[in-house]
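Participant: What would the 3D arrangement of this be:
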Amino acid sequence: MTNPVQNIIRASTRTIGEPLNILTFPTHERYETMLCKTGHNFYAFRANGIKDWNESYAKLPPNYVILDESLGDLQIPNYVDFDLVLSQNKFGQFQIASQLAKKMHLPLISLEHTLPVPSWSEEVKEQTRHMRGHLNLFISEYSIGEWRWDARDDTSVITHGVDTDLFKPAECDKENHSLSVVNDWINRDWCCGFSIWQRVIEGLPCKVIGDTKGLSKPSSSIEELVSAYQTSRIFLNTSTISPIPTALLEAMACGCAVVSTATCMIPEIIEHGVDGFITNDEKEMREYLELLSNDEELALEMGKRARQKIVEHYSEDQFVNQWLDFFYEASKVVFRG
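Facilitator: Numbers count the residues shown, from 1 in each chain. Below you'll find the predicted structure:
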């Protein structure tokens with residue numbers, strides 16, 4: 001564990017533009033890969049219940065260091081002067097991050113990717129609403145509303161971004177099927193809509209990528225995943241409780257024609273009938289799949305418009321610049337116990 005005095009001295013002597021040293025937790029590989037493009041250094045704390053980095057989802061960036069879980073708190077290197085602690089969910093990370101931030105006298109950023117679980121009791125929901133960092137981040141205004149969050153001056157929104165140089169259309173034939181990309185789909189039916197997918201896709205050509213036992217396997221590499229997007233005419237998303245599905249944005253960036261549920265932030269991402277089809281009616285969803293399957297020209301045109309939407313509103317550059325501004329402001333926060 002680093003000495004709190006070191007961190008206090010570091011905060012007072014840090015020069016403008018110097019990369020920050022940020023203690024965080026492995027959470028979302030492609031999201032954190034883009035975070036690393038801010039140029040700051042990330043050290044991933046490991047503990048029971050916190051996932052490891054999966055290189056089939058994204059290659060480990062050179063400025064992202066996975067610490068040794070077997071060392072407990074001693075895994076935090078004492079040769080690094082840390083600047084911030086970044087928690088990325090309230091489901092276990094926040095409690096650890098809060099304790100570490102206090103011990104190290106560092107500002108705590110609480111970033112929330114997800115939404116409250118519908119089955120939670122009101123007591124649990126109320127507890128999570130009190131899990132505040134010195135600064136708090138959500139990925140959408142919709143998320144703030146769903147958490148019933150008291151959005152003070154310490155609360156900001158940074159939406160997802162996509163590496164549009166990696167996730168891009170290719171000059172190749174597209175297979176006439178619907179692609180879906182979901183991990184642990186059956187167990188996450190409550191938020192990812194596996195049952196909806198089963199009913200909608202029955203008898204239609206489809207492909208599924210993701211770590212779901214008995215149904216599908218994850219891609220072996222990020223290149224394989226990109227290729228799957230590029231060679232699929234249609235992308236089908238059936239999520240019901242997901243603020244901004246990352247796979248949806250990636251598929252749009254690769255020029256897929258999208259058919260999706262109209263839940264959470266999706267109606268703000270997709271303009272119905274222009275750069276995708278959105279509906280919560282399963283019969284209509286199936287009709288849109290059949291329409292795109294039978295009309296290649298429509299699917300290609302809709303895919304082009306989907307790509308343009310991502311480039312204009314969800315680019316990696318926008319994401320990185322927002323985070324750079326945020327980290328600059330966060331670095332000026334004075335620790336409060």
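Participant: all strands for the stretch 151-300 of the chain, in order.
Facilitator: If DSSP state E, counting those that start in this stretch is used as the criterion, the strands of the stretch 151-300 of the chain fall at 155-157, 175-181, 206-209, 232-237, 257-260, 277-278.
Participant: will you turn these into CSV that also has mean pLDDT and distance to Leu74?
Facilitator: Just so you know, the C-beta spots here come from the backbone N, C-alpha and C atoms, and that holds for glycine as well. Below are the strands of the stretch 151-300 of the chain laid out as CSV (pLDDT from 0 to 100; distance: least, CB to CB, whole Å):
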stretch, mean pLDDT, distance to Leu74
strand 155-157, 96, 33
strand 175-181, 98, 38
strand 206-209, 97, 38
strand 232-237, 98, 43
strand 257-260, 98, 46
strand 277-278, 98, 50
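Participant: between the ones you listed, which gets nearest to Glu301?
Facilitator: strand 257-260 (8.4 Å; CB to CB).
Participant: Name the surrounding residues that touch that closest one.
Facilitator: Residues outside strand 257-260 that contact it (CB atoms under 8 Å, 6 or more residues apart in numbering) are 178, 233-239, 248, 251-252, 266, 270, 275-278, 285, 288-289, 292, 298-300, 302-303, 306.
Participant: and what of stretch 133-151?
Facilitator: The contact list for stretch 133-151 (CB under 8 Å, 6+ apart) reads 87, 94, 97-98, 101, 107-113, 115-116, 125, 128-129, 154-160, 243-244, 264-265, 268, 326, 329-330, 333, 335-336.
Participant: 6 Å - rerun?
Facilitator: Stretch 133-151 has contacts (CB atoms under 6 Å, 6 or more residues apart in numbering) with 107-113, 115, 154-157, 159-160, 243-244, 264-265, 330, 333.
Participant: what about Phe42, which SS state?
Facilitator: What DSSP: H, G, I helix; E, B strand; the rest coil gives for Phe42 is strand.
Participant: right, and it touches Leu23 too?
Facilitator: No - counting by CB atoms under 6 Å, Leu23 is not a contact partner of Phe42; they are 8.1 Å apart.
Participant: Comparing those two, which residue is more hemmed in?
Facilitator: Using other CB atoms under 10 Å, the more surrounded residue of Phe42 and Leu23 is Leu23, with 26 against 22.
Participant: Quick check: that one is in a strand.
Facilitator: Yes - assessed with three-state DSSP, Leu23 lies in a strand.
Participant: How much space separates it from Val65?
Facilitator: Leu23 is 10 Å from Val65, where distance means CB to CB, to the nearest Å.
Participant: Between the two, which contacts overlap?
Facilitator: Taking CB under 6 Å, 6+ apart as the contact rule, Leu23 and Val65 both touch Tyr43.
Participant: Now do the longest helix along the chain against strand 232-237, angle only.
Facilitator: The helix that spans the most residues within the chain, counting by DSSP state H, is helix 296-313. On the basis of axes from the mean of the first three to the mean of the last three CA atoms, to 10 degrees, helix 296-313 is oriented at 60 degrees to strand 232-237.
Participant: pLDDT-wise, which helix or strand of this protein ranks last?
Facilitator: Least confident helix or strand, the chain: helix 4-13 with a mean of 61, by mean pLDDT, DSSP states H and E.
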